[in-house]
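K.L.:
structure of the sequence below:
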Amino acid sequence: MKLLYFAWLRERVGTGEETIDLPGGVTTAKDLMLWLSQRDEGYAYAFEDPQLIRVAANQQHVSMEADISGADEVAFFPPMTGG
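P.N.:
Have a look, this model is predicted:
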């Protein structure tokens, strides 16, 4: 699975993208963020407040409870503002 990180999330984890094998038991966006936050301090810092993070699976916005186990790509980004 390809993971993408945008804005301050990218800065905190130290990369804009990476490819992982989804661990067993990780099925939702929330599960994935919890698993990632246990990897190291940068990930823990990036995902310390999940309410500030939006998620897209295969370029479609999804909820934290959405099943992402079949996704090819998951993106994490802060809330967007428009003008």
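
K.L.:
so who does S37 touch?
P.N.:
The neighbours of S37, taking Cβ atoms under 8 Å, 6 or more residues apart in numbering as the test, are Y43, A44, A46, F47, E48. Just so you know, the C-beta spots here come from the backbone N, C-alpha and C atoms, and that holds for glycine as well.

K.L.:
pretty sure R12 sits in a helix.
P.N.:
Yes - with DSSP: H, G, I helix; E, B strand; the rest coil as the criterion, R12 is located in a helix.

K.L.:
pull the number of nearby residues for it.
P.N.:
R12: 16 surrounding residues under other Cβ atoms under 10 Å.

K.L.:
and it, what pLDDT?
P.N.:
On pLDDT, R12 comes in at 96.

K.L.:
let me know whether it touches Y45 as I believe.
P.N.:
Yes - here R12 reaches Y45: they are 4.9 Å apart, a contact under Cβ atoms under 8 Å.

K.L.:
which of the residues in the longest helix along the chain are buried?
P.N.:
The longest helix of the chain (DSSP state H) is helix 29-37. Judged by neighbour count using 16 or more other Cβ atoms under 10 Å, the buried positions of helix 29-37 are A29, K30, D31, L32, M33, W35, L36, S37.

K.L.:
quick one: the helices in the chain?
P.N.:
So, for the chain - with DSSP H - the helices run 8-13, 29-37, 41-46.
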